[in-house]
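J.: Output the structure for:
(chains A and B)
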Amino acid sequence: MQIIGTVITAIGTVFLFLGSLGVFRLPDVYNRLQAGTKCTTLGAFLTIIGVGIMQPDWLLKTLVIALFILITNPISNHALGRASRKSGVPLCDKSVVDKAGEFEEYKEKK
Amino acid sequence: MGINSEVLYEMIFLAITGLAISLCLLRMLKGPTAPDRAVALDTVATITTALLVVLGFIFERYVYLDVALVYAVLTFIGSVAIARFLEKGI
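T.: Residues are numbered from 1 along each chain as shown, chains lettered A, B, ... in the order given. Down below sits the predicted model:
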């Protein structure tokens, strides 16, 4: 049980580090948002669940915290992405597709 | 050796997490626009929640879980408030 919990916590820690590395290195707000959301959500989920497996008395409360993070982290990051799109932060130079900009043009044309 | 494996794992976890938080803080210093800093702040908040749970495991204090839960709620509200401020102003 100890070994399983330690391994799950280690995997989660690696995901947390990779997420913050993506936040540091990627070129654009939207790319950073993607790295900072997905990696961090999975990493925090695995880390907290791993602690709950290592200490079985705490399993219920760690499950509550992990589920809360799993629900609310995508919501807040989606709100941040929508806000940065609305406040006019430009895409980076290498971007290929811009569906939101196409939709804005389509609405103006109509 | 005087150091046992459990303490070694805890030290490695704390080192990696500290490195991750300092990378996010560097992005918060550099970031060209305000949403960059907000994204870095949100990432730091999520990492800190996981760090609080593991600190509770290291120190064997049950109270840290309550602190982590309240911290998660408050950072969610703060991120949504910052997003609303960036979108529409006050």
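J.: Report pLDDT for the residue nearest the centre of chain A.
T.: For chain A, the residue nearest the mean C-alpha position is A:Thr37 (1.3 Å; Cα atoms, centre = their mean). Note for A:Thr37: predicted pLDDT of 90.
J.: Is it within a helix or a strand, and which one?
T.: For A:Thr37, the host element (DSSP states H and E) is helix A:29-54.
J.: Quickly check: that helix near chain B or not.
T.: Yes: counting by Cβ under 8 Å from any Cβ of the partner chain, contacts between helix A:29-54 and chain B involve A:29, A:32-33, A:36, A:40-41, A:43-44, A:47-48, A:51, A:54. For every residue, glycine as well, the C-beta is placed using N, CA and C.
J.: Also stretch A:12-23?
T.: Yes: judged by Cβ under 8 Å from any Cβ, stretch A:12-23 and chain B are in contact via A:12-14, A:16-17, A:19-21, A:23.
J.: Give me the buried subset of these.
T.: Neighbour-count burial (16 or more other Cβ atoms under 10 Å in any protein chain shown) is assigned, among the residues of stretch A:12-23 next to chain B, to A:12-13, A:16-17, A:19-21, A:23.
J.: biggest helix in chain A by residues?
T.: As assigned by DSSP state H, the longest helix anywhere in chain A is helix A:59-86.
J.: Name the spans of chain B whose pLDDT lies under the cut-off.
T.: B:1-3, B:90 (pLDDT under 70).
J.: Tell me how many other residues surround A:Val90.
T.: One correction, residue A:90 is Pro, not Val. 9 (other Cβ atoms under 10 Å in any protein chain shown).
J.: any idea how far A:Lys61 is from it?
T.: Distance, A:Pro90 to A:Lys61, by Cβ to Cβ, to the nearest Å: 43 Å.
J.: A:Ala35 too?
T.: The gap separating A:Ala35 from A:Lys61 is 29 Å, by Cβ to Cβ.
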